[in-house]
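K.L.:
What follows is a predicted protein model with its sequence.
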Amino acid sequence: MDDETMPTAGTTRAVLPVDAPVTPTMAMRSFAFERLSAIAAVLDGAGQIVDTNEAWRLFAHLNDGTLRATGPAVNYLEVCDRAAADGVEGAAEVAAGLRQILAGERDQFDFEYPCPSPTEDRWFLLRASSAPVAEGAGVVLFHVDITARKLLEERFAVQAEYDELTGLPNRRSAVRFIEEQLALSGATGAPLWVLFMDLDGFKEVNDRHGHHVGDELLVKVAVRASRAVRAQDRLCRFGGDEFVLVCPGVAEEEVVALADRLRSVMAGPFQVGAAEVTVGISVGFASSDAESAVDALLEAADAQMYGEKRRRHHLRASPRVSEGPGRGEPSDS
């Protein structure tokens, strides 16, 4: 849909026959239609516009509408057909829905569509309902601005896919991305590797300094890890102090080198407020094959990571925690 299939300026026409008596109830309904906040028009049985309200005409005026497009006496179905022929998304569906109403095959048709302006993104809901017009069938047509709802839905969609604390993709996003990459790997034969990472000593930081320091540490870990991976890799916070890195199209020796690089960049101290803390990272990884499933791939990488953690546990002391400014730690800002 575009502005050609939206309202334009013009003089309204009566919906009733010319000789029909106008009762107080009819006059009240006509006044209410004219004052509706929704952009509204009435079509007759042939799809011709026979009436529009003030909001329709105002929208047209503000958007440089033309009488040729959607003014009174213009056939709205033909406007939609032309828009569909020009490749306007949704125009064919709208025309089909309106024709079904006029043919008595349905009572209502709803369609959401974008209608961007030069200055902002906009979304509208087109709602068409069966209504008697003059002596035959007709349609009352509304275009309702749903931009605020759409923007809120987009915000919620982003929140559903990203970790609020670190800004990294979250577990849900990681699983979906692995599913997509497994399908691609199966079609192309390109390898897919998943690295599972867990911080060593994170609990001690939380216990000594509190969760607010632990949260800030996780943010700094995310920043430092992001700088160590390739642009095509997907680093995700899986939950708690666990991170998952998805690496498409990479050889095993590159994965080993990447794991070593992650261990190295995490080895330096982190300055978190007044505290300087040091944590380590355990890394496990697994590659896909033709039969791989998401859960199996994650479990294999997780098992290898915990095997490494157990082997290193007797060598690793508690995290070094000291007060005062950091000395020579990598920048995490």
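P.N.:
Great, that's in hand.
K.L.:
pLDDT (mean, whole number) over stretch 250-259?
P.N.:
Mean per-residue pLDDT for stretch 250-259: 94.
K.L.:
Residues contacting it, please?
P.N.:
For stretch 250-259, contacts defined as CB atoms under 8 Å, 6 or more residues apart in numbering pick out Pro191, Trp193, Leu195, Ala228, Val229, Arg230, Leu245, Cys247, Val283, Phe285, Ser287. C-beta coordinates here come from the backbone N, C-alpha and C atoms, glycine included.
K.L.:
for the residues you listed, which one is nearest Leu165?
P.N.:
Ranked by distance to Leu165 (CB to CB), these are led by Leu245 at 17.6 Å.
K.L.:
Look up how far Arg149 lies from the closest residue in space to the closest one that isn't next to it in sequence.
P.N.:
Spatial nearest neighbour of Leu245, excluding adjacent residues (CB to CB, 6 or more residues apart in numbering): Leu195 at 4.1 Å. Here the criterion is CB to CB, to the nearest Å. By it, Leu195 lies 39 Å from Arg149.
K.L.:
quick check: longest helix of the protein.
P.N.:
Longest helix in the chain, counting residues (DSSP state H): helix 294-313.
K.L.:
rewinding a little: just send the contacts of stretch 250-259 back as a markdown table, with distance to Val205 too.
P.N.:
Formatted as a markdown table, those follow (distance: CB to CB, whole Å):
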| residue | distance to Val205 |
| --- | --- |
| Pro191 | 35 |
| Trp193 | 29 |
| Leu195 | 22 |
| Ala228 | 21 |
| Val229 | 23 |
| Arg230 | 28 |
| Leu245 | 22 |
| Cys247 | 28 |
| Val283 | 19 |
| Phe285 | 25 |
| Ser287 | 32 |
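K.L.:
For Leu168, state which of those is nearest.
P.N.:
Using CB to CB, Leu245 is the member of the contacts of stretch 250-259 that lies nearest Leu168, at 10.3 Å.
K.L.:
my read: that closest one touches Arg237, true?
P.N.:
No - Leu245 is not in contact with Arg237 according to CB atoms under 8 Å; the separation is 10.8 Å.
K.L.:
The stretch 51-200 of the chain: helices as residue ranges?
P.N.:
Under the criterion DSSP state H, counting those that start in this stretch, helices of the stretch 51-200 of the chain are mapped to 54-62, 67-70, 76-85, 91-102, 147-161, 171-188.
K.L.:
Can I get those in a markdown table including mean neighbour count and distance to Met266?
P.N.:
Putting the helices of the stretch 51-200 of the chain into a markdown table (neighbours: other CB atoms under 10 Å; distance: least, CB to CB, whole Å) gives the following:
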| stretch | mean neighbour count | distance to Met266 |
| --- | --- | --- |
| helix 54-62 | 18 | 56 |
| helix 67-70 | 17 | 61 |
| helix 76-85 | 18 | 56 |
| helix 91-102 | 19 | 52 |
| helix 147-161 | 12 | 25 |
| helix 171-188 | 16 | 19 |
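K.L.:
Which of the ones you listed has the lowest mean pLDDT?
P.N.:
Mean pLDDT is lowest for helix 67-70 out of the helices of the stretch 51-200 of the chain, coming in at a mean of 60.
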